[in-house]
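K.L.:
Predicted coordinates and the sequence they were generated for:
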Amino acid sequence: MADITDQKERSFPKIEFTDSEAGALTFPSSKSRTYNYYKPAKLRATMYEDVTVDVQPDPERHLTQGWIYGFGDGPGGYPQEWTKAKSSNWHAFLDPNEEWEQSIYRNNSAVVHQVELCLKNAKRAGVYDNWNTSWLKFIERNVGAWMHAENGLALHVFTAVQRSGPSNMINTAVAVNAAHKMRFAQDLALFNLDLSEADVEFDGSAHRAVWQEAPEWQPTREVVEQLTAEGDWAQLLFATNIVFEQLVGSLFRTELVMQISARNGDYITPTIVGTGEHDYDRDLGYTRALFRLLTQDEVHGAANKELFGQWLSLWVPRCLAAVRALQPIWSQPAEKAVTFATSLENAKSKFSFLLEDLGLDIPKELDQ
Amino acid sequence: MSRQSLTKAHAKISELTWEPTFATPATRFGTDYTFEKAPKKDPLKQIMRSYFPMEEEKDNRVYGAMDGAIRGNMFRQVQQRWLEWQKLFLSIIPFPEISAARAMPMAIDAVPNPEIHNGLAVQMIDEVRHSTIQMNLKKLYMNNYIDPAGFDMTEKAFANNYAGTIGRQFGEGFITGDAITAANIYLTVVAETAFTNTLFVAMPDEAAANGDYLLPTVFHSVQSDESRHISNGYSILLMALADERNRPLLERDMRYAWWNNHCVVDAAIGTFIEYGTKDRRKDRESYAEMWRRWIYDDYYRSYLIPLEKYGLTIPHDLVEEAWNRIVNKGYVHEVARFFATGWPVNYWRIDAMTDTDFEWFEDKYPGWYSKYGKWWEEYSRLAHPGNNKPIAFEDVGYQYPHRCWTCMVPALIREDMVTEKVDDQWRTYCSETCYWTDAVAFRAEYDGKPTPNMGRLTGFREWETLHHDTDLADIVQNLGYVRDDGKTLIGQPHLDLSDPKKMWTLDDVRGNQFMSPNVLLNQMSDEERVAHIADYMANGTKSSA
């Protein structure tokens, strides 16, 4: 039996009632209960604005002592010169998705649960057993190759860009974009793992050789590597989310995989790829808002449009080269529900609509 | 997900990387370190499929506690002495957190190990979480605590305040200069591995003792991510150690990072814990005792010293000197007195110390009263306006200190101050190591070898220079530290909100001309300067008042 006669006196802090609640007294500023150092977009500040605006300081706003560390070859902090694009007020950009930690984890967890449930059901129902060889080969090679592109963009485009933007709102939106890409790339890889463990003819290691050597994928890999090599953060964001994702990413995901999977007896792949499409839809939303702000800038709008025109001339041909090389994969599945010409036409049409929305001219290279 | 599945899944996602052949990723942020001989290992088996639900669950617990705190009227029992200091702390900390996110691509650029890139990118998302969850905690305080002034202008105040700038090093230091110095040694190996222990564990413990259980809820949740970040830092450190050429740089960076973290974090967190608490139980650990446990034993002895066998030169002398400054040289007490001296240009209120506090300090730091006691009695005597100026402008035997050019905490241990002409300007430093940091470490050459990627100390480093020869009332007004009646100061040297006559206004502080010690120092003749410095340094051994 426990000895209860020799218990040490415990030491613990004494709680005191202090009446320190809001409203306990009236005095100057006793009702000042909103962040007052920025002007919210609407009458009432959103949670997103409150937790994001001005957390990254700026000498053009409240930062009086300037950046206190510099690089060996230039100023520190977040210099506006890290892109050729110009804005009268970079802080005017607000993420239409209003991403902050709760939205990041809620949204991505929901996707994780959806994908896991889908894969679990697929295993339980043995659906992979019914897939024909040509479809398994299509997934093995092409979805397998594509996951590399997603991962490369996650780590070396979006993760890189979120260091460089001149406002916290830009950088946080891009960081969430990076998280989307990482999760999606990994989901495709783990789907690949499931298939390689299923009792079907599927080589789970084939994706590497396809991505690195197959002729149809080399121009895509080339443009992804060219993207990672670009140092101007706004150009990188523009080239990736406006050009590459429209002409190559959506072409592959929306115009091919999402259209033909069902006809080939596969409801699993579009469920997973659909999450990537959903991500891109959100990520395009913030990208569109940012570049619309830049093209409509009263002072710099015209110069920005000219600059973006130059970027289009550079990146559209590169992406179209990648697209043309991919044409043979449209013929690989047994059920060819859509032609390459139709898919490309759809992608070009959506791309043109996006450029028009941004106030940009359709580049002549698109017709080549 | 089971351990076996996780290992298999992790192996699978590591297949996603490839060696580029058409173009290599841009190197935006350079390093003078080399990793050609580095072993490649990623100890952090983290995949997004398990990461997002795990963090969502952690979030749900935090937000549940927040709802509970409001429903349970937590603010009936919160000590104002404590929560006032949170106006400073929570204005600073979201920036270092988001800076840590921004630092991750620097490490990714610098370290040629695809396996670790995944862990670094996950850390990036963690840090976005930390920054926004802390901003939200502050918003909750602003909405529910009796005095929202100071919380309401938080990010502006952070950006224009002398203390905010000190804290800003703990953020800018993560994202600027040599990528490995900044994003690995300063951020991960020292700040996260050593000093988050006092920041995110010791300090929340003190918050709970002062009636605030939300700070522990949020910061323990934050701290639970840090172990993964520590693994990232450790992996890169081991990779750096594998190449002999990195040894001098590692030695340099460990000295700089350790000392700067000590100067900045111990100044702030030491003050919050020792001067923000009402818990004066004798068996409550002092900051010095916490430091001994969390930093000296857990970090220095258990983490750093074992790295000696891998060839890391550990700054033993600086660890011992940091301890000496805390326990024998009154570092934290000097910082607290400095913050209290500057109360008119604060955006938080500072409570006076009472006999109960005196007794506790004397018990924990023998000799405390003879050095600081009388000054705090003067602080109480001068707490209200009408018959006296703010304490900084009264003769209480305290000379407004020179600012350390490097760490920007003033040279408060006056006998240790170093004065040198650097870059054609007379500069003061709190210590030999801070002088070395400016004059030797943050330069384009180190140890006879070029270090083009090393950072530079820039900006208006002495806050006082910006306000030199200006009336105090104008300074306060320019900073925006005025309440919504247009005249009452946000900062007050007491906690009494019940009587408007006891609250200082712009008129009460007008007529006091504020002078920059550094500007004055540079205006002195050689003889005047020598005499001034000798007097300043001798003052360090005097008792107050």
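P.N.:
Perfect, thanks for sending it. Remember, it's a predicted structure, so these values are computed and weren't measured experimentally.
K.L.:
Ramachandran angles for B:Lys421?
P.N.:
Taking degrees, to the nearest 10, you get phi -90, psi 110 for the backbone angles of B:Lys421.
K.L.:
dump the residue contacts of it.
P.N.:
Going by CB atoms under 8 Å, 6 or more residues apart in numbering or on different chains, B:Lys421 touches B:Arg427. (C-beta placed from N, C-alpha, C; glycine too.)
K.L.:
For residue 161, give me its contacts.
P.N.:
No chain in the question, so chain A it is. Going by CB under 8 Å, 6+ apart, A:Val161 touches A:Asn171, A:Val174, A:Trp233, A:Leu236, A:Leu237.
K.L.:
I was thinking of chain B, sorry if that wasn't clear
P.N.:
For B:Asn161, the contacting residues are B:Ser91, B:Val345, B:Asn346, B:Tyr347, B:Trp463, B:Leu479, by CB under 8 Å, 6+ apart.
K.L.:
and the fourth one, helix, strand or coil?
P.N.:
Okay, so that is B:Tyr347. Three-state assignment for B:Tyr347 (DSSP: H, G, I helix; E, B strand; the rest coil): coil.
K.L.:
what comes up buried for stretch B:425-437?
P.N.:
Buried residues in stretch B:425-437, counted by 16 or more other CB atoms under 10 Å in any protein chain shown: B:Trp426, B:Arg427, B:Thr428, B:Tyr429, B:Cys430, B:Ser431, B:Thr433, B:Cys434, B:Tyr435, B:Trp436, B:Thr437.
K.L.:
among the residues you listed, which two are most distant?
P.N.:
B:Trp426 and B:Thr433 (19.0 Å; CB to CB).
K.L.:
List just the nearest of the contacts of A:Val161 to B:Ala163.
P.N.:
Taking CB to CB as the measure, B:Ala163 lies nearest A:Asn171 of the contacts of A:Val161, at 25.1 Å.
K.L.:
how much space between B:Asn328 and A:Val273?
P.N.:
Using CB to CB, to the nearest Å, B:Asn328 is found at 64 Å from A:Val273.
K.L.:
what's the helix or strand in which B:Glu320 is found in contact with?
P.N.:
Counting by DSSP states H and E, the element that carries B:Glu320 is helix B:316-327. With contact meaning CB under 8 Å, 6+ apart, helix B:316-327 is reached by B:255, B:258-259, B:262, B:266, B:270, B:287-288, B:291-292, B:296, B:300, B:304, B:331-332, B:365, B:413, B:431, B:433.
K.L.:
Buried only: go through the contacts of A:Val161 for me.
P.N.:
A:Asn171, A:Val174, A:Trp233, A:Leu236, A:Leu237.
K.L.:
Over to the closest residue to B:Arg252 other than its chain neighbours: give its phi and psi.
P.N.:
Residue nearest to B:Arg252 in three dimensions, not counting chain neighbours: B:Ala441, with 5.4 Å by CB to CB, 6 or more residues apart in numbering or on different chains. Backbone geometry at B:Ala441, expressed as degrees, to the nearest 10, gives phi -70, psi -50.
K.L.:
wouldn't B:Ala441 be in contact with B:Met454 here?
P.N.:
Yes - with contact defined as CB atoms under 8 Å, B:Ala441 counts as touching B:Met454 (7.3 Å).
K.L.:
And the pLDDT for A:Gln368?
P.N.:
Model confidence at A:Gln368, given as pLDDT, is 69.
K.L.:
How about B:Ser231?
P.N.:
For B:Ser231, the model assigns a pLDDT of 88.
K.L.:
Let me see the ranges of the strands in chain A.
P.N.:
Ranges of strands within chain A are A:69-70, based on DSSP state E.
K.L.:
remind me, longest helix of it?
P.N.:
Assignment by DSSP state H gives helix A:168-197 as the longest helix of chain A.
K.L.:
in that helix, what's buried?
P.N.:
Along helix A:168-197, these residues count as buried under the neighbour rule (16+ other CB under 10 Å): A:168-196.
K.L.:
Just the pLDDT for B:Pro39.
P.N.:
Per-residue confidence (pLDDT) for B:Pro39: 69.
K.L.:
And B:Phe200, by the same measure?
P.N.:
For B:Phe200, the predicted pLDDT is 85.
K.L.:
hmm, back to that, same drill for B:Asn328 and A:Val273, tell me which one is more crowded.
P.N.:
Each of B:Asn328 and A:Val273 has its neighbours counted (other CB atoms under 10 Å in any protein chain shown); A:Val273 has more, 23 against 12.
K.L.:
unless I'm mixing things up, the more buried one is touching A:Glu255, no?
P.N.:
No - the pair A:Val273 / A:Glu255 is not scored as a contact, 11.5 Å apart, by CB under 8 Å.
K.L.:
what's the neighbour count on the closest residue in space to A:Glu49 that isn't next to it in sequence?
P.N.:
Excluding its sequence neighbours, the residue lying closest to A:Glu49 (CB to CB, 6+ apart) is A:Pro40, at 5.3 Å. With neighbours defined by other CB under 10 Å, the count for A:Pro40 comes to 15.
K.L.:
can you give me the helices for the stretch 151-300 of chain A?
P.N.:
If DSSP state H, counting those that start in this stretch is used as the criterion, the helices of the stretch 151-300 of chain A fall at A:159-161, A:168-197, A:206-213, A:218-228, A:233-237, A:250-252, A:258-260, A:269-295.
K.L.:
Would you mind listing the residues in contact with the residue lying closest to B:Met503 once chain neighbours are set aside?
P.N.:
Distances taken as CB to CB, 6+ apart put B:Thr488 closest to B:Met503, at 5.2 Å, once the chain neighbours are dropped. By CB under 8 Å, 6+ apart, the residues touching B:Thr488 are A:Phe27, A:Pro28, A:Ser29, B:Val482, B:Pro500, B:Met503, B:Trp504, B:Thr505.
K.L.:
Kindly report the same for B:Leu472.
P.N.:
Counting by CB under 8 Å, 6+ apart, B:Leu472 touches B:Pro344, B:Val345, B:Pro390, B:Phe393, B:Val509, B:Arg510, B:Gly511, B:Asn512, B:Gln513, B:Phe514.
K.L.:
go again using 7 Å as the cut-off
P.N.:
By CB atoms under 7 Å, 6 or more residues apart in numbering or on different chains, the contact set of B:Leu472 is B:Pro344, B:Val509, B:Asn512, B:Phe514.
K.L.:
where's the third one relative to B:Glu97, distance?
P.N.:
Separation of B:Asn512 from B:Glu97 (CB to CB): 37 Å.
K.L.:
now do the second one
P.N.:
In this structure, B:Val509 and B:Glu97 are separated by 34 Å, where distance is defined by CB to CB.
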